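Student: the sequence isn't on hand, but the structure is:
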């Protein structure tokens with residue numbers, strides 16, 4: 001019996017040790033990739049003012065939905081023409097929240113453009129962990145699990161602050177004075193319910209289409 005258990009456990013133990021030994025090497029590759037790709041992603045967003053404005057409005061809209069309508073668990077993604085909101089929210093609430101968010105940003109409530117759950121914070125934490133790990137690797141010359149743990153701890157400690165800073169100065173822009181909200185777009189799905197009766201499902205993904213108006217030309 002004991003021999004059978006030993007034969008069963010021993011390969012698992014060896015596999016566990018191998019995985020532990022390989023983690024620093026895997027993390028090294030992961031860190032080097034992050035040090036190249038993450039700055040590229042951030043620069044790409046920073047140079048696109050339309051995405052930055054829509055990103056700020058997306059965050060502000062989610063803030064309003066959470067504060068005014070008590071709707072949580074939402075995610076978003078901005079592009080040049082507007083932003084996507086995913087979650088359980090009524091379209092009319094979303095439109096009202098977007099209009100309120102736009103007005104509040106235009107009144108100077110710039111803090112609405114930053115949100116704690118933004119993916120930028122995750123990207124910033126990944127970059128911090130990668131930077132710390134490569135620095136420790138350069139200083140110690142050792143592929144150790146301890147360096148991985150220190151890098152992850154540094155990311156948890158510095159990542160949130162770095163994420164908010166990156167959001168504020170790089171990935172969002174509260175300069176939304178000439179922006180306007182055109183409409184909320186969504187599609188409803190129909191599925192077969194009990195006894196073959198068609199059931200219309202509530203939409204869970206919306207696109208808030210925006211537009212930036214042209215500046216008024218002075219008359220002479």
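Tutor: Done, it's in. From a predicted model like this one, the values you see are computed outputs, not experimental measurements. Numbering: from 1, shown residues only.

Student: could you pull up phi and psi at the residue nearest the centre of the chain?
Tutor: Nearest to the mean C-alpha position of the chain, by C-alpha atoms, centre = their mean, lies residue 119 at 1.6 Å. Dihedral pair for residue 119: phi -60, psi -20, per degrees, to the nearest 10.

Student: where do the strands sit along the chain?
Tutor: Assigned by DSSP state E, the chain shows strands spanning 75-79, 82-86, 179-186, 189-192, 198-201, 205-212.

Student: do you know how far the spatially closest residue to residue 46 that is not a sequence neighbour is from residue 132?
Tutor: In this structure, residue 46 finds its nearest non-sequential neighbour in residue 170, 4.8 Å apart by C-beta to C-beta, 6 or more residues apart in numbering. Placement of C-beta: from N, CA and C, glycine included. Remark: distance between residue 170 and residue 132 (C-beta to C-beta, to the nearest Å) = 20 Å.

Student: of these two, who's got more company?
Tutor: residue 132 (21 against 15; other C-beta atoms under 10 Å).

Student: hang on, the more buried one packs against residue 150?
Tutor: Yes - if you go by C-beta atoms under 8 Å, residue 132 and residue 150 touch, sitting 6.6 Å apart.

Student: how much space between the closest residue to residue 165 other than its chain neighbours and residue 44?
Tutor: Leaving out its chain neighbours, the residue that sits closest to residue 165 by C-beta to C-beta, 6+ apart is residue 124, at 7.8 Å. Using C-beta to C-beta, residue 124 is found at 15 Å from residue 44.

Student: of these two, which one has the most company?
Tutor: residue 124 (26 against 10).

Student: so what's that one up against?
Tutor: Under the criterion of C-beta atoms under 8 Å, 6 or more residues apart in numbering, the neighbours of residue 124 are 159, 162-163, 165-166.

Student: cool, and residue 208?
Tutor: With C-beta under 8 Å, 6+ apart, residue 208 has these contacts: 57-58, 61, 82-85, 94-95, 98, 181, 183-185.

Student: below-threshold pLDDT in this structure: ranges please.
Tutor: Along the chain, segments meeting pLDDT under 70 span 1-32, 138, 141-148, 189-202, 215-220.
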